[in-house]
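Colleague: Pasting a predicted model and its sequence here:
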Amino acid sequence: MKHRFAHSIPDKIIILIVALIVITYFLFITIPLLAVFLRIEPSQVSAQIRNAGILEAIKLSLITSGAATLIAFVLAVPSAYFMVTRSFPGKTILDTIMDLPIVLPPAVAGVALLYTFAPKGLLGPLFNKPGFIIPGSTIAVVIAETFVASPFLFRSAKIGFENMDKDVINSAKMLSGSRLRVFFTITFPLSIRAIISGTMMTWARAMGEFGATLMFAGNIAGITQTMPLAIYMFLYSDPLAGIMLSIILIIISFSILISVKLLEQKRFGTKK
Amino acid sequence: MIKIDSIRKSYREKKVLESLSLEVKEKEILSLLGPNGCGKTTLLNILSGITRQDEGNVYVNDVLVSGKAGTRNVHIKPSDRKVGYVFQTVSLFPHMRVQDNVAYGLKALHLSKQEVKKRTADLLNFVGLTEYAKFYPNQLSGGQKQRIALARSLATEPQVLLLDEPVSAVDPQLRESFRLELKNYLQALKITVVYVTHNLSEAFVMSDRIAVMGNGHIEQIGSRTEIFDKPSSSYVAQFLGINTLNGKAVKSQDGLVKIEANGVVLLACASQDLIGKKVIATLKPDNIFVSKLPKSYFSGEAGNSVEGVITEMVQMRSNALVTVDAGFLVKTRIPLSSIKNESLSIGDKVYLHFSADSLNVFSDNSSENILRI
């Protein structure tokens, strides 16, 4: 009995230590988010919502992130399908390169895009015309966001296609000669959750894009100044506006993440 | 009906099928029987067109569906081969209701809406699941799923039906009844069926002929009795649980052939042409009578009586598998009542009695010369 008692004390201490670690971590993440909300009075919100600078940044962010997500969808979903269904030499290398923007510092992405699309860049002569230069334009924002955010969709779609039962696809191929019909009635619907969650992650990433946009597109109000860039600019000139934008971004990000989580829990055939 | 001509298929370095040829007759149910991983599913995938063989030709109804015609490569799409395929994993479309699963192939035929509806109803009626039309696959039992998969594959009115281990998706306690049910469906359909299974008794129940597969090709094809009574290789015999023994046909005696195997001389009904050659003899466990008495009224003149020691006894439901070491290991199947009457137990000295015509002898063309049973 004595022996057992001696063992129960360190157990309690361990539980205590673990509890402290867990609580510390949860607070470490939640307190800074809460701090943003506490910096603004409810009465100040309505005034800020009518702030032209804020509205302009929100509008630009929605347009550019929407465009980037759409482009990412068109490019990444078919590419992910190709990647999963074909094998070719150097596939692993290419696959790794395609994932690179996820871990690359956005500043590097910005530099890379400058050396590609700036008038003197690798593809500069192709895209820049007299009177129109890509860096510093809204298009540059879309390019930067697509470059940084689309790999999320590419990855997610690949996982969706990979996890599909090959025999389900083959069953469909036995019955229908149209590849397009099999893709749109079987392959796509069965990987739709992975694709939607990838699309939302891409959208969230595009909304939050800062570094690459700043480097490649600059910080021009109304043209390249998206919400994160506006927050950066407002930090000293108009802190309340910055706080308001931050709150909006937190709410948007939270909504997207919780939608993805709910989506992943849904199962087929539970409805009657 | 189906003709497969010298098919070869490798995955990377691994040879799966090696000069495999097979003919399936019109409207017969043929079982492809073999251990797991012997290439049965690969063969079905090649027949259906899902997988391409490296070499060789596949004909369905005398039409080349895959292979080489002269210098021209032919590969007809799976959906254009008039072949239905029920996969081992059942693979219903999980996001579609039962009726839409069944109608999937019909919709590809560009039929009118009423026609699709009518044929779907007919197919659901055929498998007895009309009232489940609006269910989703995950609301069905294993057997029901399998029946829907069958109905779905029949929608396009195939001439050939491929079934890959169809009973394996059914709960073990329901397999027996599902097997009978499935057999009724297949007999009612009157189409050519290739039925893949690794289960011996299933192949016996389901099919008209059995093709035993092993080492990447067809080892033997024939009726149940042909395969069981006259296995053509030691591989087939061993897969069927039949004793095999390697020996040499030494001389003839009274129209019979004397075979020497591991110091024991046996009498067998066999061709005189085999004398002087290495041979393999197979012996069914059921054809051996085990007794503690050396000479039995049962064995007569043309009989064999071999002395041995019981080394293993495994009790089954109504009989026991008894292994006897008689210089070579022999498996026998003995009714439990006989074991009790003769009070047989491990270590006992016994005599194996079997008639000369219960030995099936063929010449041993392989280079292997190990004695094994």
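Modeller: Thanks, I have the structure now.
Colleague: now stretch A:129-137: how far from the chain's centre is it?
Modeller: 27 Å (C-alpha atoms, centre = their mean, to the nearest Å).
Colleague: Let me see the mean pLDDT of stretch B:357-372.
Modeller: For stretch B:357-372, mean pLDDT is 67.
Colleague: show me the contacts for the residue in the stretch 1-150 of chain A positioned nearest to chain B.
Modeller: Chain B sits closest to residue A:87 of the stretch 1-150 of chain A, with a gap of 11.0 Å, by C-beta to the nearest C-beta. The way it works is simple: take the backbone N, C-alpha and C, and place the C-beta from them, glycine included. Residues near residue A:87 by C-beta atoms under 8 Å, 6 or more residues apart in numbering or on different chains: none.
Colleague: Confirm that it lies within a strand, as I assumed.
Modeller: No - Residue A:87: not assigned to a strand; according to DSSP: H, G, I helix; E, B strand; the rest coil it is coil.
Colleague: Return the residues of the stretch 101-250 of chain A in contact with chain B.
Modeller: By the rule C-beta under 8 Å from any C-beta of the partner chain, the part of the stretch 101-250 of chain A lying against chain B is A:165, A:167-168, A:170-178, A:181, A:185-186, A:189-190.
Colleague: from the chain's centre, how far out does the longest helix seen in chain A sit?
Modeller: Counting residues, the longest helix found in chain A (DSSP state H) is helix A:2-38. Distance of helix A:2-38 from its chain centroid, counting by C-alpha atoms, centre = their mean, is 31 Å.
Colleague: C-terminal to that helix, what's the next element?
Modeller: helix A:42-49 (DSSP states H and E).
Colleague: Just the residues contacting that following helix, thanks.
Modeller: A:40, A:54, A:55, A:240, A:241, A:244.
Colleague: ok, now stretch B:99-106?
Modeller: Here stretch B:99-106 has contacts from A:172, A:174-176, A:185, B:92-93, B:96, B:115-117, B:119-120, B:123-124, B:133-134, B:137, B:148, B:151-153, B:155-156, using C-beta under 8 Å, 6+ apart.
Colleague: quick one: low-confidence ranges for the stretch 201-350 of chain B?
Modeller: Residue ranges of the stretch 201-350 of chain B with pLDDT under 70: B:295-302.
Colleague: quick one: the strands in it?
Modeller: Using DSSP state E, counting those that start in this stretch, the strands of the stretch 201-350 of chain B run over B:209-214, B:217-222, B:243-253, B:256-261, B:264-268, B:278-283, B:289-291, B:303-315, B:319-325, B:329-335, B:349-355.
Colleague: Run a quick neighbour tally on the closest residue to residue B:185 other than its chain neighbours.
Modeller: Distance criterion C-beta to C-beta, 6 or more residues apart in numbering or on different chains; nearest residue to residue B:185, sequence neighbours excluded, is residue B:150 at 6.6 Å. Using other C-beta atoms under 10 Å in any protein chain shown, residue B:150 has 23 neighbouring residues.
Colleague: next one: residue B:109
Modeller: The burial count for residue B:109: 14, using other C-beta under 10 Å.
Colleague: Test my guess that residue A:122 contacts residue A:112.
Modeller: No - at 9.9 Å, residue A:122 and residue A:112 do not qualify as touching, with contact defined as C-beta atoms under 8 Å.
Colleague: which of the two has more neighbours?
Modeller: Neighbours per residue, other C-beta under 10 Å: of residue A:122 and residue A:112, the larger number sits with residue A:112, 19 against 11.
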